[in-house]
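A.B. asks: Got a sequence here, can you build the structure:
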Amino acid sequence: MKKLTILFISLIMSVCATYAKKPKTVTLKFIETTDVHGMFFPVNYMTGKTVSGSMARVSSYVKSQRAANKDNVILLDNGDILQGQPTNYYWNFIDTKDENIAASVINYLKYDAQAFGNHDVETGHKCYDKWVSELKCPTLAANMVNAATGQPYTQPYKIIEREGVKIAILGMNTPAIPNWLSEDLWSGIRFEEMVSCTRKWVKILKEKEKPDLIIGLFHSGLKGGIETDEYDENATLAIAQRIHGLDVIFYGHDHKSNCGFIRQYEEKTDEFPFYFITKDGNASSPFSLSKTDSVLIVNPGSNAYNVGEATITLTMEGGKVASKKITGQLVSMKSMPIDEDFMDYFAEDLNHLQAFTAEKIGTITPSINMSDAFFGSSAFIDLVLNLQLKITGADIAFTAPQLMNATINAGPVTMADMFNLYKYENKLYVLKMTGAEIKNYLEMSYALWTNQMKSSDDHILLFDDKDNERTNGLKNFFFNFDSAAGIDYTVDVTKPEGQKITILKMSNGQPFDSNNWYKVAVNSYRGNGGGELLTKGAGIAKDEIPSRIIYRSELDQRHYLTEEIRKQGSMNPKPNNNWRFIPEDLVAPAIQRDRELLFNKK
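C.D. replies: Numbering: from 1, shown residues only. Okay, here's the model as predicted:
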């Protein structure tokens, strides 16, 4: 009997051993959203218009993929979810007792991990610390370090297991945040450079966790942006080329839909093969690259118009990966149905949101449109500038378009309109600048903005990348196209940077002096160094800027603009006509052509 028992056990062990050695195929599907910017519902609550993206459509798609792939779907969000719509503002700063709507949406869809984005940090500790605590998945950012402890401020990575496959999700955030945001918003946190930080954490993961897959969840663009000796704003390409061990990098921040493979090198190089899946953000057939020296990078763009996907098929032998095949694609949400269960779940929240956005603030006559601001002094931009001057008592004010083509129609002005008038939750600053610095600041702004014309057939605007949704074909970001109130000046578009701007006088008739000190109103993004107009333009050292600031508003600029419009009741904004492009015979036909090209209208 004893011999039979031993024989039986040996037989069972032999069968188990044979089974364990038998290859097993596991297919995992990773789905990424990024830069959702509050587009949770299929309506833009700034305009009241329906949209073809939104998390309501993503919800339908995720449900279908979970039905087809069971538990092998890993759902990831890559940050910048706390800012962008009135939806965010309401739950960030007005209804602060209930669960933040951004946490509720992530929890409803059962995300596996959430990354930090720069605009999430912009909401301030009180908001984002609460949001992190409400999420049912970890918020990852290995390079956001608690200055007191030296450890990551939140969880650096998450380990997930599916069918015996061990997956590490590593989070990173762009380290350029101190260049845009005041320290009170990120107090107690330091931001490490991404390439070295990724190298460190990949090594930790390999030694400590020994995962079968390492997935990057990076809120950082492909390349470009702010580049200093300490860090690059957009480091995805550098990491993909230089850090071995990552299987897929999901990225975001730059809003450029993209999916492809990057060949890896030992050292950074600008020469690399790059294979696009899509250029327009629409769905396309997936493809794969079997070479082991390449890494898949995926960025679905913004506002949940697409999701990014990576499908990884692994062959497991003896509990180890024998082979893996990785494919990637972008999937458009435009044809996805709205998930009615999702909408029903948030029905009460939507009622509160609609009441908030419909609140009447005042009235306006006539209609104003942001598009005019690209071609001269405009009623839209000058309304903001004049309110900045009135609120602060500054001598001069700077501001730029924040939306490409926002309109506030004649009639009642609602809270929704206020988000068109001023999109971001920037605060309002006043700082001291010399006349020479003011001129140099404007020189850089208009050099970003305008072409150096040689004939009336040339563009007046500086066009370039037509695939970039954030610039609509312009070479540079239009939220850095600052114009001024409080001074009268001309912009000669035939001249190079440094010679474009002629400041004629103060708008109150007093002379303008390059050596005088002036009080200048700007938003906090600009006042913290954003866009580099103060540093590269005006020539003020970054560490000198804080000593120049003589006023910081307690609340966001939109709040003060709203209160001022409430006081006025009715408005009749008109252009200040304090600046213009010259020579007029050259720019007039160019303005007409470029207006049609930029906005598809005459």
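A.B. asks: which residue sits closest to Asn234, ignoring its sequence neighbours?
C.D. replies: Leaving aside its chain neighbours, Asn234 sits nearest to Gly221 (3.4 Å; criterion: C-beta to C-beta, 6 or more residues apart in numbering). Placement of C-beta: from N, CA and C, glycine included.
A.B. asks: which secondary structure element contains the spatially most central residue of the chain?
C.D. replies: Nearest to the geometric centre of the chain sits His253, at 4.2 Å (C-alpha atoms, centre = their mean). For His253, there is no host helix or strand (DSSP states H and E).
A.B. asks: Show me which residues of stretch 405-419 are buried.
C.D. replies: For stretch 405-419, a neighbour-count test (16 or more other C-beta atoms under 10 Å) marks Ala406, Ile408, Val413, Thr414, Met415, Ala416, Asp417, Met418, Phe419 as buried.
A.B. asks: One more: stretch 321-338?
C.D. replies: Across stretch 321-338, burial judged by 16+ other C-beta under 10 Å covers Lys324, Ile326, Thr327, Gly328, Gln329, Leu330, Val331, Ser332, Met333, Met336.
A.B. asks: I am assuming Val105 contacts Met39, so please confirm or correct that.
C.D. replies: No. Counting by C-beta atoms under 8 Å, Val105 sits too far from Met39 to count as a contact (10.1 Å).
A.B. asks: shared neighbours, those two?
C.D. replies: Counting by C-beta atoms under 8 Å, 6 or more residues apart in numbering, the residues touching both Val105 and Met39 are Met55.
A.B. asks: for this structure, where's the lowest mean pLDDT among helices and strands?
C.D. replies: Here the helix or strand of the chain ranked lowest by mean pLDDT, DSSP states H and E is strand 287-288, holding a mean of 37.
A.B. asks: Distance from the chain centre to the helix or strand that it is followed by, please.
C.D. replies: Where DSSP H and E defines the elements, the next helix or strand beyond strand 287-288 is strand 294-299. Here strand 294-299 is found 19 Å from its chain centre; the criterion is C-alpha atoms, centre = their mean, to the nearest Å.
A.B. asks: Need the contact partners of strand 294-299.
C.D. replies: If you take C-beta under 8 Å, 6+ apart as the criterion, strand 294-299 is touched by 32, 34, 221-222, 236-237, 240, 246-252, 254, 256-264, 289, 308-310, 326-328, 330.
A.B. asks: So which residues of the stretch 301-450 of the chain form strands?
C.D. replies: For the stretch 301-450 of the chain, the strands defined by DSSP state E, counting those that start in this stretch occupy 306-317, 320-332, 360-364, 368-369, 396-399, 407-408, 411-414, 427-434.
A.B. asks: I'd say Thr502 and Asp492 touch.
C.D. replies: Yes. Counting by C-beta under 8 Å, Asp492 is a contact partner of Thr502 at 7.0 Å.
A.B. asks: what about these two, which has more around it?
C.D. replies: More crowded of Thr502 and Asp492, by other C-beta atoms under 10 Å: Asp492, with 19 against 14.
A.B. asks: can you pull the contacts of the more buried one?
C.D. replies: Residues near Asp492 by C-beta under 8 Å, 6+ apart: Gln499, Lys500, Ile501, Thr502, Phe581, Ile582, Pro583.
A.B. asks: can you rerun that using 6 Å?
C.D. replies: Asp492 makes contact with Lys500, Ile582, according to C-beta atoms under 6 Å, 6 or more residues apart in numbering.
A.B. asks: Need the pLDDT of Met404.
C.D. replies: Confidence at Met404, expressed as pLDDT, is 88.
A.B. asks: ugh, wrong one, Gln114
C.D. replies: Looking at Gln114, the pLDDT reads 98.
A.B. asks: Let me see the backbone angles for it.
C.D. replies: Torsion angles at Gln114 (phi, psi; degrees, to the nearest 10) stand at phi -130, psi 130.
A.B. asks: and it, how many residues sit next to it?
C.D. replies: Counted by other C-beta under 10 Å, the residues lying close to Gln114 total 31.
A.B. asks: just Thr154 next, same as before
C.D. replies: For Thr154, using other C-beta under 10 Å, the count is 22.
A.B. asks: How about the one 5 residues further on?
C.D. replies: Taking other C-beta under 10 Å as the criterion, the count of residues near Ile159 is 12.
A.B. asks: Apart from its chain neighbours, what residue comes closest to Ala176?
C.D. replies: Spatial nearest neighbour of Ala176, chain neighbours left out: Glu233 (3.9 Å); criterion: C-beta to C-beta, 6+ apart.
A.B. asks: give me every residue that touches that neighbour.
C.D. replies: Thr174, Ala176, Gly225, Ile226.
A.B. asks: now Trp180
C.D. replies: Contact analysis of Trp180 by C-beta under 6 Å, 6+ apart lists Tyr525, Asn528, Gly530.
A.B. asks: Could you check the pLDDT of the last one?
C.D. replies: The predicted local distance difference test score for Gly530 is 93.
A.B. asks: Begin at 40 from now on, thanks
C.D. replies: Yep, numbering from 40; the last one is Gly569 now.
A.B. asks: burial measure for it, as a count.
C.D. replies: 21.
A.B. asks: ditto for the first one
C.D. replies: By other C-beta under 10 Å, 24 other residues sit near Tyr564.
A.B. asks: Over to the second one?
C.D. replies: As a burial measure, Asn567 scores 25 neighbours (other C-beta under 10 Å).
A.B. asks: do you know how far it is from Pro217?
C.D. replies: Going from Asn567 to Pro217 by C-beta to C-beta, to the nearest Å gives 8 Å.
A.B. asks: so where do the strands sit in the stretch 140-289 of the chain?
C.D. replies: 152-154, 178-179, 183-185, 196-201, 204-212, 228-230, 252-258, 287-290.
A.B. asks: of all these, which lies closest to Leu244?
C.D. replies: With C-beta to C-beta as the criterion, Leu244 lies closest to strand 204-212 of the strands of the stretch 140-289 of the chain, at 4.8 Å.
A.B. asks: So in that sheet, which strands flank the closest one, and in what orientation?
C.D. replies: For strand 204-212, the paired strands and their directions (DSSP bridges) read strand 196-201 (antiparallel), strand 252-258 (parallel).
A.B. asks: hang on, the earlier thing: so what's the backbone phi/psi at the residue nearest to Ala215?
C.D. replies: The phi and psi values for Glu272, taken as degrees, to the nearest 10, are phi -60, psi -50.
A.B. asks: Check which residues of stretch 345-365 are buried.
C.D. replies: So, applying 16+ other C-beta under 10 Å, buried residues of stretch 345-365: Asn345, Val346, Gly347, Glu348, Ala349, Thr350, Ile351, Leu353, Met355, Lys363, Ile365.
A.B. asks: The stretch 490-639 of the chain: strands as residue ranges?
C.D. replies: Per DSSP E, counting those that start in this stretch, the stretch 490-639 of the chain carries strands over the ranges 522-524, 526-531, 540-545, 556-562, 588-595, 609-610, 618-621.
A.B. asks: and the angle from the longest one to strand 556-562?
C.D. replies: Between strand 588-595 and strand 556-562, the angle comes out at 20 degrees (axes from the mean of the first three to the mean of the last three C-alpha atoms, to 10 degrees).
A.B. asks: Appreciated, that's everything.
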